[in-house]
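K.L.:
Predicted structure and sequence below. I'll ask about it afterward.
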Amino acid sequence: MRKVVHHSVDKDGFRAQPKGFATKAIHVGQDPEQWSCMAVVPPILMSSTYKQHAPDEHTGFKYSRLRNPTRDVLERCLASLDNAKFGLTFSTGLGAVTALITMLKSGDHIVAERDLYGGSCTAFTKIASKMNISVDFVDFTDLGKVEEIVKPNTKLFWVESPTNPLLKVVDIEAVCKIAHKLPEVVVVVDNTFLSPYFQRPLELGADIVMYSLSKYMNGHSDVIMGAAIMNDETLYQKLQFLQNATGIVPSPFDCYLLNRGLKTLALRMERHRTNALAVAKFLEGHPKVDRVLHPGLPSHPQHALSKKQTYGHSGMVAVFLKGGLDEASVFLQSLRVFTLAESLGGVESLAGSPSRMTFGSFAPEERAAMGIVDGLIRLSVGVEDIDDLLEDLQQALESV
Ligand SMILES: *Cc1c(COP(=O)(O)O)cnc(C)c1O
Ligand SMILES: *[C@@H]1O[C@H](CO)[C@@H](O)[C@H](O)[C@H]1NC(C)=O
Ligand SMILES: *[C@@H]1O[C@H](CO)[C@@H](O)[C@H](O)[C@H]1NC(C)=O
């Protein structure tokens, strides 16, 4: 029988955040007593190799591709944030995607979200395909279609929620149930857009949570890194083998920066949440705006689902301006506090045109089918003073 878990809700109707997240982000893996010098901040250990007492008699550290103390600290802390047993880091988010693809073998089949992050899409269609691994893309909000697309050789479900850039919210629990009707399907959820502060997919039945740590997790737009988080020991051993065997590992210096970024994750995410909701509400009422997508707005198609499965929403907002490319260009070039740039999840507010930037390489018909129109603007709302952000948006809309 299925256990019914009742969650308490917060003032906005989302799942209430249990106590302890910020404390874990600051302390797990960082006990000063693990170092002989009792350093409160975990040291950056750049050594590639480690002295052995006798041949193969070592401290557990042999060579830094396999294991490194600074990386260990980060991986333990990351695992704790998803209430998971194991965490592994990779040199980039796409490095984590590559490692996960190499878990598969010739003849296997992937079911992936249709509105997938562009780089993950390329990895499936241009790299996995060369390994005789096939992929079908599906709209995971259409559960009937998901049931239809599963094959006997399906081994991987690749879910993103909310999606990029249209912030479609997928019922992760329902998708996991479909996937797990087959014995060997691994469900991966790319949780980059929300971070474990707002969504913990393992609690919803997923097998692996994947991150581009380059975004909210680091939060300061100065590291490129990825991670895979899981509870299953067999999956962990497979991926740990691949981390070492493929060599897709981050540098100790970047691990240090990432670890430092995590310490303020809870603080930053709270501010992203309130700033982005204020921006979304302001834009939704503006005469030059056609439509705003933000899962915290009652107008969002999956508003109820979003409240049911997440602890809130991050700084990501999608805005459809009235008009097309000209209006979008004038708007983006008029912004003074928001910066026109790729990426997301940093303390600074960014804005971009998905049709010209992240989806620029797609054919116009493909973009149209995906709903990526020229008037669409993607905002990554940062943690600046909200009045400055609203004023900036107001003046940029006035110049359109
Ligand atoms: C950025 C991003 C990635 C890729 O991560 P990198 O660190 O840039 O390699 C994957 N998924 C999502 C949702 C992202 O935003
Ligand atoms: C390639 O994959 C298909 C299943 O999609 C399988 O039938 C075939 O045997 C595979 N080919 C090789 C060479 O493994
Ligand atoms: C890590 O990779 C090296 C190859 O450079 C290999 O010798 C070693 O056995 C690997 N370790 C593990 C635990 O997989």
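P.N.:
Looks like it came in fine. Ligands and ions are numbered 1, 2, ... in the order given.

K.L.:
How many residues are close by residue 60?
P.N.:
9 (other CB atoms under 10 Å). Every residue, glycine included, has its C-beta placed from N, CA and C.

K.L.:
would you list every one of the helices in the stretch 151-300 of the chain?
P.N.:
172-179, 195-198, 233-246, 252-262, 265-284 (DSSP state H, counting those that start in this stretch).

K.L.:
Please apply the same query to the stretch 301-400 of the chain.
P.N.:
303-309, 325-334, 364-370, 386-398.

K.L.:
Give me whichever of the ones you listed is most buried.
P.N.:
Per residue and on average, the most neighbours among the helices of the stretch 301-400 of the chain fall to helix 303-309, with a mean of 19 (mean count of other CB atoms under 10 Å).

K.L.:
Walk me through the domains of the protein.
P.N.:
What the TED database lists as the domains of the chain is 21-261, 266-399.

K.L.:
closest one to residue 14 among those?
P.N.:
Residue 14 lies closest to domain 266-399 among these, at 4.9 Å (CB to CB).

K.L.:
Looking at the stretch 201-350 of the chain, which residue is nearest ligand 1?
P.N.:
The minimum distance from the stretch 201-350 of the chain to ligand 1, using CB to the nearest ligand atom, falls at residue 212 (3.0 Å).

K.L.:
My error: substitute the chain in the last question.
P.N.:
For the chain, CB to the nearest ligand atom, closest residue to ligand 1: residue 93, 2.1 Å.

K.L.:
Check the helices of the stretch 301-400 of the chain for me: which has the lowest mean pLDDT.
P.N.:
The minimum mean pLDDT among these belongs to helix 364-370 (a mean of 86).

K.L.:
Relative to the whole chain's centre, how far out is it?
P.N.:
Chain-centre distance of helix 364-370: 24 Å, with CA atoms, centre = their mean, to the nearest Å.

K.L.:
check contacts around residue 64.
P.N.:
With contact taken as CB atoms under 8 Å, 6 or more residues apart in numbering, residue 64 is in contact with 47-49, 71, 249, 252.

K.L.:
Would you mind writing the CA trace of stretch 75-83 as CSV?
P.N.:
Extracted C-alpha coordinates of stretch 75-83, given in CSV (Å, rounded to 0.1, in the frame of the first residue of the first chain):
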residue,chain,number,x,y,z
GLU,A,75,30.3,15.8,-2.6
ARG,A,76,29.2,15.0,1.0
CYS,A,77,27.6,18.4,1.4
LEU,A,78,25.8,18.2,-1.9
ALA,A,79,24.4,14.7,-1.0
SER,A,80,23.0,16.0,2.3
LEU,A,81,21.1,18.8,0.6
ASP,A,82,19.0,16.3,-1.3
ASN,A,83,18.8,14.1,1.8
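
K.L.:
can you pull the buried residues of that stretch?
P.N.:
75, 77-83 (16 or more other CB atoms under 10 Å).

K.L.:
ok, now stretch 103-111?
P.N.:
103-104, 108-111.

K.L.:
Now that stretch: average pLDDT?
P.N.:
Mean predicted confidence for stretch 103-111 is 98.

K.L.:
got the CA positions of that stretch in CSV?
P.N.:
Output of stretch 103-111 as CSV, limited to C-alpha atoms (Å, rounded to 0.1, in the frame of the first residue of the first chain):
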residue,chain,number,x,y,z
MET,A,103,26.1,4.1,-18.0
LEU,A,104,24.0,2.9,-20.9
LYS,A,105,24.9,0.4,-23.6
SER,A,106,24.3,-0.2,-27.3
GLY,A,107,20.6,-1.0,-27.9
ASP,A,108,19.3,1.0,-25.0
HIS,A,109,16.6,3.6,-25.3
ILE,A,110,16.2,7.0,-23.6
VAL,A,111,12.9,8.9,-23.0
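
K.L.:
which residues are contacting that stretch?
P.N.:
Counting by CB under 8 Å, 6+ apart, 124, 128, 131-136, 138, 146, 149-151, 153-158, 179, 186, 235, 238-239, 242 sit against stretch 103-111.

K.L.:
Any of those buried? List them.
P.N.:
Looking at the contacts of stretch 103-111 with 16+ other CB under 10 Å, the buried ones turn out to be 124, 128, 133, 135-136, 138, 146, 149-150, 154-158, 179, 186, 235, 238-239, 242.

K.L.:
Any idea which residue is closest to the centre of this protein?
P.N.:
Centroid-nearest residue in the chain: residue 192, 0.7 Å away (criterion: CA atoms, centre = their mean).

K.L.:
Grab the nearest non-local neighbour of it.
P.N.:
In space, and not counting its chain neighbours, residue 192 is closest to residue 212: 4.5 Å by CB to CB, 6 or more residues apart in numbering.

K.L.:
The one you found pairs with what?
P.N.:
residue 226 (DSSP bridges).

K.L.:
Looks like it contacts residue 93 (just checking).
P.N.:
Yes - judged on CB atoms under 8 Å, residue 212 makes contact with residue 93 at a distance of 2.8 Å.

K.L.:
so what sits against both of the two?
P.N.:
192, 225-226.

K.L.:
Also within reach of ligand 1: list those from these.
P.N.:
Filtering those for proximity to ligand 1 (criterion: CB under 6 Å from any ligand atom) leaves 192, 226.

K.L.:
sorry, back to before: if you count surrounding residues, which of residue 212 and residue 93 has more?
P.N.:
Comparing residue 212 with residue 93 by other CB under 10 Å, the one with more neighbours is residue 212, at 29 against 24.

K.L.:
list the contacts for that one?
P.N.:
92-94, 96, 117, 190, 192, 225-226.

K.L.:
is it true that residue 40 touches residue 33?
P.N.:
No - using CB under 8 Å, residue 40 is not in contact with residue 33, being 10.6 Å away.

K.L.:
Within range of ligand 2, give me the residues from the stretch 51-200 of the chain.
P.N.:
Checking the stretch 51-200 of the chain against ligand 2 by CB under 6 Å from any ligand atom, the hits are 106-107, 132, 134.

K.L.:
thinking again about what came up before, mind giving me a markdown table with the buried residues of stretch 103-111 and columns for secondary structure and distance to ligand 1?
P.N.:
Formatted as a markdown table, the buried residues of stretch 103-111 follow (DSSP: H, G, I helix; E, B strand; the rest coil; distance: CB to the nearest ligand atom, whole Å):
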| residue | secondary structure | distance to ligand 1 |
| --- | --- | --- |
| 103 | coil | 17 |
| 104 | coil | 18 |
| 108 | coil | 21 |
| 109 | strand | 21 |
| 110 | strand | 15 |
| 111 | strand | 17 |
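
K.L.:
Thank you kindly, that will do.
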